[in-house]
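Q: Please work out how this folds:
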Amino acid sequence: MPELAPGLQGLLAPFSLEGRVALVTGASSGFGRHFADVLSQAGARVVLAARRLELVEAAAAEVRTAGGEACAVAMDVTDSASIASALDTAERALGVATVVVNNAGITIPKPLLDLSDDDWRSVVDTNLNGVAYVTRATARRMVDAGLGGSIINIASILALRVQSLLTNYAAAKAGVVQFTKTAALELAPHDIRVNALCPGYFATEMIREWLATPDGQALAARIPQGRAGELDELNGPLLLLASDASSHMTGADIVIDGGHLLSDL
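A: As a prediction, the model looks like this:
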């Protein structure tokens, strides 16, 4: 790769995460696993969190092999005691996390009439309550340490537009967007910024094969750009919100969807 021009080096300097600790929940696969790599490449020491410790231990080992500094913690984002224990472990290993990516999420796609109480509760607990609990816990530790920071909540285009069979998911993600705005208002005096990313359909390992099916291709055809996103296309928005490059942004929700929300009804 050619050396960057001095002027470009200066322009890109605010995107650096050197000296910072970043926490990513749901980091064993998909978006979270990718985000951990990106944050590490930007200079952060990365804490990878998920319920299954063996999966994030393997992921953290891969980050270290690539030259980064990382640790793995077991965390159930629906359980405040589990969050506290995981953050204690992370702080002993790497320090206080000042970049937090609330990525953990699940989906149980069913018609509303077929959703059980447990189906509803599981999705809302993980996708909304988990975001709130981790935000609260990490923000408290930043305040106690006298540190500012950036919290990035992973919402969805389904927070802004609907799709059948996902009432629990859409409701939770819409809640994430409104929670993000309210938390941003409250935490701004502590120099803690809270923003949200609202991705559309991306070619993760979970849906890449489905995207090649007739149903997947039909969905892609409804996206104005004619395709699902690639994970690398989330790098810029992620680093913008994680770093000082967005120092005057808080309470924002950024859509990355190839224009999907703009498609004709």
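
Q: Determine how far whichever helix or strand residue 151 is part of lies from the middle of the whole chain.
A: Taking DSSP states H and E as the definition, one finds residue 151 inside strand 149-154. Computed by CA atoms, centre = their mean, to the nearest Å, the separation of strand 149-154 from the middle of its chain amounts to 7 Å.

Q: So what are the sheet partners of it and their directions?
A: Note on strand 149-154: by DSSP bridges, its sheet partners are strand 99-102 (parallel), strand 192-199 (parallel).

Q: The shortest one: how far from the chain's middle?
A: Yep, that's strand 99-102 we're talking about. On CA atoms, centre = their mean, the centre of strand 99-102 falls 6 Å from the chain's centre.

Q: What average pLDDT does it get?
A: In this model, strand 99-102 carries a mean pLDDT of 99.

Q: which element follows that strand toward the C-terminus?
A: Taking DSSP H and E as the definition, the helix or strand right after strand 99-102 is helix 117-124.

Q: Show me the contact partners of the helix or strand just after that next one.
A: Scanning forward in sequence from helix 117-124 by DSSP H and E, the next helix or strand is helix 130-145. Residues outside helix 130-145 that contact it (CB atoms under 8 Å, 6 or more residues apart in numbering) are 23, 25, 77-80, 83-84, 87, 91, 96-98, 100, 102, 104-105, 148-149, 151, 153, 176, 179, 183, 187, 190, 192, 194. C-beta: built from backbone N, CA, C; applies to glycine.

Q: re earlier: please identify the most buried of the strands paired with strand 149-154.
A: strand 99-102 (a mean of 28; mean count of other CB atoms under 10 Å).

Q: can you pull the buried residues of stretch 253-265?
A: 253, 254, 255, 256, 257, 258, 260 (16 or more other CB atoms under 10 Å).

Q: List the contacts of the closest residue to residue 16 other than its chain neighbours.
A: Nearest residue to residue 16, sequence neighbours excluded (CB to CB, 6 or more residues apart in numbering): residue 43, at 5.4 Å. By CB under 8 Å, 6+ apart, the contact list for residue 43 reads 16, 17, 18, 19, 20.
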